[in-house]
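K.L.:
A predicted structure for the sequence below; I have some questions about it.
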Amino acid sequence: MDPLARALCWGAAWDMCRDAELPAQDYVTLVANGLPSEQDLTAVQSLIRQAIGATLNYTAPQLRDGVRAGLISTLASLLKDAEPGSDHQLALANGLVSAIDASGVALLKGWLKGEEVPEGLDVDQDMRWRIVSALARLGAADEEFIAAEKARDDTSSGAEQAAGARAAVPTAEAKEAAWKRATDEPAVPNETYRSIVSHFGNPDQQEVLRPYAGKYLELCAAIDAGEGQWSAAGHAQIQNALQWLFPDEVADRAWLDELAEWMASRELTSTVRRVLLEQADSAERALRCQARSGEKE
């Protein structure tokens with residue numbers, strides 16, 4: 001098929017998935033069947049990213065583990081057969097690290113030790129941090145583990161990545177420390193700040209993240225009023241806080257209704273209102289897609 005025609009078909013399929021016209025699990029199956037013959041690197045990267053998003057955000061919760069296991073199996077199989085040292089191999093490896101669940105902890109730890117690494121795959125420092133962050137979100141990398149990697153990469157980038165990995169750890173203590181750094185420490189450098197907030201929320205961490213749904217509204221009120229550190233915060237930091245700390249993982253129908261009432265009860269600045277509307281729309285989309293996905297059960 002002509003590359004342009006393929007791109008149009010893939011784009012239409014993704015739009016159908018996002019619009020709850022195509023069940024998320026069917027989209028993931030479509031990607032799994034089409035990836036082996038896709039030669040365009042940009043398309044491969046996009047399809048992997050979208051399949052992961054469809055699995056973790058748009059699949060009905062009761063079906064998610066099975067769909068995720070199938071996607072992980074597909075990526076692992078394609079990685080095994082990928083050309084050593086190729087960009088496609090790297091894209092598949094990155095996708096596998098992003099999608100992997102607790103069943104892959106031993107594999108990822110092995111890669112850090114140079115064990116069972118696919119031929120030609122360069123586990124460089126960037127890849128090592130992706131792996132450490134994945135292990136952290138799975139609860140398989142504690143402070144000692146993260147600190148050891150930071151000592152190995154004793155750079156400003158290493159410090160930023162370590163801060164993100166710590167924020168990803170699914171314990172009450174880790175989330176409390178990350179939230180404090182994000183909302184009560186104005187001296188946090190911009191890139192470190194972005195790393196913290198972008199790693200804070202993760203799938204499968206609903207219980208430990210649930211208390212932060214209410215705290216998020218308090219944060220929005222403080223940002224809107226310009227209280228504390230937010231009086232001098234730059235646009236980028238405010239945007240990152242509002243976007244990345246939005247409680248997607250626990251934003252169910254009841255909470256979104258609460259958010260709508262909260263927004264209607266006050267005059268908000270244009271920035272806060274815009275980001276909240278965008279994030280709420282994304283969460284509403286996820287709920288519609290999950291409902292459509294569950295219809296096939």
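P.N.:
Here it is on my side, so go on.

K.L.:
contacts and neighbour counts: CA atoms only from here.
P.N.:
Noted.

K.L.:
What is the longest helix belonging to the chain packed up against?
P.N.:
Counting residues, the longest helix in the chain under DSSP state H turns out to be helix 270-294. Here helix 270-294 touches helix 3-18, helix 24-34, helix 61-81, helix 212-225, helix 235-244, helix 253-264, going by 3 or more CA pairs under 8 Å, 6 or more residues apart in numbering; DSSP states H and E.

K.L.:
List the buried residues for that helix?
P.N.:
272, 275-276, 279-280, 283-294 (16 or more other CA atoms under 10 Å).

K.L.:
mind checking which of the helices and strands packed on helix 270-294 is nearest residue 147?
P.N.:
helix 235-244 (24.2 Å; CA to CA).

K.L.:
Next, the angle helix 212-225 makes with that closest one.
P.N.:
150 degrees (axes from the mean of the first three to the mean of the last three CA atoms, to 10 degrees).

K.L.:
Can you tell me which of the helices and strands packed on helix 270-294 is packed in deepest?
P.N.:
helix 24-34 (a mean of 20; mean count of other CA atoms under 10 Å).

K.L.:
contacting residues around it?
P.N.:
If you take CA atoms under 8 Å, 6 or more residues apart in numbering as the criterion, helix 24-34 is touched by 13-14, 17, 47-48, 51, 54-55, 58-59, 67, 71, 74, 289-290, 293.

K.L.:
distance between that helix and the chain's centre?
P.N.:
When distances are taken as CA atoms, centre = their mean, to the nearest Å, helix 24-34 is centred 19 Å away from the chain's centroid.

K.L.:
Export it to PDB, keeping only CA atoms.
P.N.:
What follows is helix 24-34 as a C-alpha-only set of coordinates in PDB (Å, rounded to 0.1, in the frame of the first residue of the first chain):
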ATOM      1  CA  ALA A  24      -9.600   0.200  22.300                       C
ATOM      2  CA  GLN A  25      -8.700  -3.500  22.400                       C
ATOM      3  CA  ASP A  26      -9.600  -3.700  18.700                       C
ATOM      4  CA  TYR A  27      -7.300  -0.800  17.900                       C
ATOM      5  CA  VAL A  28      -4.500  -2.500  19.800                       C
ATOM      6  CA  THR A  29      -5.100  -5.700  17.800                       C
ATOM      7  CA  LEU A  30      -5.000  -3.800  14.600                       C
ATOM      8  CA  VAL A  31      -1.700  -2.200  15.500                       C
ATOM      9  CA  ALA A  32      -0.300  -5.600  16.600                       C
ATOM     10  CA  ASN A  33      -1.200  -7.000  13.200                       C
ATOM     11  CA  GLY A  34       0.100  -4.100  11.200                       C
END
